[in-house]
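Asker: the sequence and its predicted three-dimensional model are supplied below.
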Amino acid sequence: MSKLIVLSFVTMDGVMQAPGGPEEDPSGGFKYGGWTHPFFDDFAGKVMGEQMSQPANLLLGRKTFEIFASYWPQHEDEWHGVNQMTKYVASNTLKKHAWSNSVFLSGNVADEIKKLKQQKGPDLQVHGSGNLIQTLLKNDLVDEFWLKIFPITLGNGKRLFAEGTTPRSFKLIESKISPAGVIFASYARAGDVQTGSF
């Protein structure tokens, strides 16, 4: 079985929208695109490089796929092997693309992803893809979260954990803190939610 891993930049108040630049996703009038930039240093770059160099295929929403496809095919020196990875794309509108090894999932995406997870092969990494992540959370398909928590609040914007997330416990499997105060925290599933009283 393949693990499904969500890698996400997130603010302290849970916003994940448009971390990379002002034009990335201005939907809903979002005006803080590029909010990670002031905190991104060599430490962050090293951790990201380590995570992105793990053996994996990609699982992406259409918008993130189109952003990636406009950049990464010409910059493989920055992400070795990205062109050889299989890119699974959840889309009911996009059916084909020139980027090598792109496979399009349509119809019941949750069922298609369940089938992917049953196959032998490398783990599935999800980058960006906010709408797709909500589908994954509602269908309890995420095995690990590799979060980068930035010391900033934005008040509004698309959030990583929106309504419909399946209640689950997670355990911390790795953590690091950058000089700029970014917390890199990786969590793996740890079963059902336990409750009690004091």
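Answerer: Good, I have the coordinates. Numbers count the residues shown, from 1 in each chain.

Asker: pick out the residue nearest the middle of the chain.
Answerer: residue 127 (3.0 Å; Cα atoms, centre = their mean).

Asker: surely it touches residue 61?
Answerer: No - using Cβ atoms under 8 Å, residue 127 is not in contact with residue 61, being 9.6 Å away. C-beta: built from backbone N, CA, C; applies to glycine.

Asker: quick one on the thing from earlier: what's the separation between the nearest residue to the residue nearest to the centre of the chain once chain neighbours are set aside and residue 101?
Answerer: Leaving aside its sequence neighbours, residue 127 sits nearest to residue 7 (Cβ to Cβ, 6 or more residues apart in numbering; 5.4 Å). Residue 7 sits at a distance of 19 Å from residue 101 (criterion: Cβ to Cβ, to the nearest Å).

Asker: and the residue nearest to the centre of the chain, how far from residue 192?
Answerer: 28 Å.

Asker: ok, residue 76 next?
Answerer: Residue 76 is 42 Å from residue 192, by Cβ to Cβ.

Asker: okay, those two: which has more neighbours?
Answerer: Applying other Cβ atoms under 10 Å to residue 76 and residue 192 shows that residue 76 carries more neighbours, namely 12 against 9.

Asker: pretty sure the more buried one sits against residue 68.
Answerer: No - with contact defined as Cβ under 8 Å, residue 76 does not reach residue 68; the gap is 11.9 Å.
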